[in-house]
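>>> Fold the following and give me the result.
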Amino acid sequence: MVAPVTSAHERAAAAHQAAIYRAMTPQQRIEQALRMNATMRRLLALGFQSRNPDWTDAQIRRAVADRILYARTG
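Numbering: from 1, shown residues only. The predicted model follows:
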């Protein structure tokens with residue numbers, strides 16, 4: 001669930017972003033979603049790595065997978 005937009009600047013930014021997505025082809029939207037997913041995974045991995053410098057790459061990958069698998073919303 002997206003947090004409610006409160007300021008005029010946030011509303012304008014959200015409208016601009018929505019216009020950009022509407023102008024994309026379905027293929028471009030899928031590619032963007034895949035890029036965003038990869039970025040999210042990299043950021044999660046870097047966070048786990050910085051908090052657990054002794055972890056192996058396999059442990060970091062597992063932690064990322066667990067975070068995504070067991071994520072809760074709301």
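>>> Assign the residue lying farthest from the centre of the chain to helix, strand or coil.
Most distant from the centre of the chain: residue 54, at 25.3 Å, with distances by Cα atoms, centre = their mean. Classification of residue 54 by DSSP: H, G, I helix; E, B strand; the rest coil places it in coil.
>>> phi, psi of it?
The phi and psi torsions at residue 54 (degrees, to the nearest 10) take the values phi -90, psi -10.
>>> in the protein, which spans are helices?
Ranges of helices within the chain are 8-23, 26-51, 57-69, based on DSSP state H.
>>> now the ones you listed as a markdown table including mean pLDDT and mean neighbour count?
Bear in mind the C-beta positions are built from the backbone N, C-alpha and C, glycine included. Below are these laid out as a markdown table (pLDDT from 0 to 100; neighbours: other Cβ atoms under 10 Å):
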| stretch | mean pLDDT | mean neighbour count |
| --- | --- | --- |
| helix 8-23 | 95 | 10 |
| helix 26-51 | 97 | 12 |
| helix 57-69 | 97 | 13 |
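>>> Give me the distance between the residue nearest in space to the middle of the chain and residue 34.
Computing the C-alpha centroid of the chain and ranking residues by Cα atoms, centre = their mean puts residue 40 first, at 4.1 Å. According to Cβ to Cβ, to the nearest Å, residue 40 stands 11 Å off from residue 34.
>>> cool, and residue 70?
With distances taken as Cβ to Cβ, residue 70 is found 22 Å from residue 34.
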